[in-house]
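Enquirer: here are the coordinates; sequence isn't available:
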DNA sequence: GCAAAAGTGTTGGGTATACACCCATGG
DNA sequence: CCATGGGTGTATACCCAACACTTTTGC
């Protein structure tokens, strides 16, 4: 008996910044897991898994992320559903992929082991399935969205300096920005507010610390519900009502 | 036996412009189908159906569209995957939704019948499932994308005047545009090129006809493969390899 | 000629970029 | 007092909305 519809899975592209605060520029990294069975046994792949009956897609992605890296993301958004027929040898799998941003500090203490390792986002090895293409698309979305939203904040902690925020932009967009103009552009958006604190200890004039403006979302995703943080949902439902059906004459609909 | 993963389906939001060339402003319309079984029997819903083993997601959406309205879209793009647990009473269904643009002229002769009808996009009745929310999101995407891409062309035929193109923008964005500035903005993009033809028969100075610049895509969707027009695919695959699995200790991956 | 739409020119205001300059701190 | 980055000022270029104006057709 052939399956009436393709298998369904969720995967996640997780980005973090590494090497912030050093002399060399910070870069994007992401965690991958080693496959322990065929196909592509031994190759690195995006963390992923099946979707449980009781959890939404975003919840499945969040759980996934937590189980792989023990991290909770500051930002989580659906990327795309990948479903070409040949993307998984010997099976038909449709993957709904999410992308996440975690802050550098947390990523430092992230789980890493024999089967989980962080890689620089633009020096990836040959991954399993179509995962290289998926990462490419995630990177494109990240860089695009960086220019018209405030997601950069998701890479940082509660308090940060403008230089740190600028470093995020420079690392992701791969070009240097004028500090003076950057300052003006940022506070023209009112997305962050200055605190009275300053960061001392540097060997220069101590910069002011800023925080998020809570009344702003990190990104405007339109009328979609904001992606919930990964807390387990409770409602459940069961079984049945499958659609077999007639051909062209009668138009169909599904949820 | 509970299903190992939710059911999978594809739905499509199809937009066309109606009332172009009349005195009153043109408006957005979309076709809906009437549900002929529970749940939501009798309610209007987005056209949709299951995904066949041999077709990609975009192909499924295109087939769907063809079967419902006998139209082929000028533009087809994935919208979003909807998968909250409670969106379909008595079942767990994940819907991958596409949106499409068809040209007005074609939409006029589109299939319409007892169970298929066109509605104005912003005066919809209460639809089945979460379909009202889906249409809202599709409208948001359409209006957004209208401002930074050339998808407006997908509403028009091979040759068109600038006034017609402007009418498309005005109908979608719901505001009037200055003809002079519109002209400059459009041809600054080099997305359309003037022909030597003019449209006579009006009672004014005959406007020049334009055509697409073939070397431009309608939208920049990054490294994603451009959505194919709905021609049947041939490759197929069969069966098996399901993932049961262990809990948190060992990180997982899926296609 | 007149109405109406096609198409061009001009101008003022806002925004971005480049860069000069001052400020505050550690050494 | 000097090196270094924090932070401000400003001149220029560019883009965009508004609107005056010319052109070309049908009647």
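Expert: That came through fine. Note that this is a predicted model, so its numbers are computed, not measured.

Enquirer: what residues does the stretch 51-200 of chain A have near DNA strand C?
Expert: By CB under 7 Å from any atom of the strand, the part of the stretch 51-200 of chain A that sits against DNA strand C consists of A:178, A:180, A:181, A:184, A:185, A:188, A:200. From N, CA and C alone the C-beta is placed, and that goes for glycine too.

Enquirer: switch to 6 Å and redo it
Expert: Selection of the stretch 51-200 of chain A residues close to DNA strand C by CB under 6 Å from any atom of the strand yields A:178, A:180, A:181, A:185, A:200.

Enquirer: so which of those residues wins on neighbours?
Expert: For these, the largest number of neighbours (other CB atoms under 10 Å in any protein chain shown) sits with residue A:185, at 12 neighbours.

Enquirer: pretty sure that residue is in a helix, no?
Expert: Yes: when DSSP: H, G, I helix; E, B strand; the rest coil is applied, residue A:185 is found to be in a helix.

Enquirer: in its sheet, what does the top strand by length along chain A sit against?
Expert: In chain A, taking DSSP state E as the definition, the longest strand is strand A:7-18. Using DSSP bridges, strand A:7-18 pairs in its sheet with strand A:27-34 (antiparallel), strand A:48-50 (antiparallel), strand A:93-101 (parallel).

Enquirer: just these: most buried one?
Expert: The highest mean neighbour count among these belongs to strand A:93-101 (a mean of 25), with neighbours defined as mean count of other CB atoms under 10 Å in any protein chain shown.

Enquirer: quick revisit: from the residues of the stretch 51-200 of chain A next to DNA strand C, which is closest to residue B:207?
Expert: Nearest to residue B:207 among those, counting by CB to CB, is residue A:185 at 40.5 Å.

Enquirer: on that earlier part again, and the strands paired with strand A:7-18: which comes nearest DNA strand D?
Expert: strand A:27-34 (19.0 Å; CB to the nearest atom of the strand).

Enquirer: so for that closest one, what's the average pLDDT?
Expert: Regarding strand A:27-34, the rounded mean pLDDT is 96.

Enquirer: tell me which other helices or strands the helix-or-strand element of chain A with minimal mean pLDDT touches.
Expert: Within chain A, judged by mean pLDDT, DSSP states H and E, the helix or strand with the poorest mean is helix A:104-108; its value is a mean of 80. With contacts taken as 3 or more CB pairs under 8 Å, 6 or more residues apart in numbering or on different chains; DSSP states H and E, helix A:104-108 sits against strand A:7-18.

Enquirer: centre of the chain to the strand it packs on, how far?
Expert: For strand A:7-18, the distance between its averaged C-alpha position and the chain's averaged C-alpha position is 6 Å (CA atoms, centre = their mean, to the nearest Å).

Enquirer: which non-adjacent residue is nearest residue A:105?
Expert: Using CB to CB, 6 or more residues apart in numbering or on different chains and skipping residues adjacent in sequence, the residue nearest residue A:105 is residue A:157, 5.8 Å away.

Enquirer: the one you found falls within a helix, correct?
Expert: No: according to three-state DSSP, the state of residue A:157 is coil, so it is not within a helix.

Enquirer: pretty sure it sits against residue A:108.
Expert: No: the pair residue A:157 and residue A:108 fails to qualify as a contact (CB atoms under 8 Å) at a distance of 11.8 Å.

Enquirer: ok, the two, which is more surrounded?
Expert: Neighbour totals were compared for residue A:157 and residue A:108, and residue A:157 leads with 13 against 10 (other CB under 10 Å).

Enquirer: which element is residue A:143 on?
Expert: Residue A:143 is part of helix A:131-148, with elements assigned from DSSP states H and E.

Enquirer: tell me which strands and helices the next helix or strand along the chain from that helix is in contact with?
Expert: Following helix A:131-148 in sequence order, the next helix or strand is strand A:160-161 (DSSP H and E). Other elements packing on strand A:160-161 under the criterion 3+ CB pairs under 8 Å, 6+ apart are strand A:208-212.
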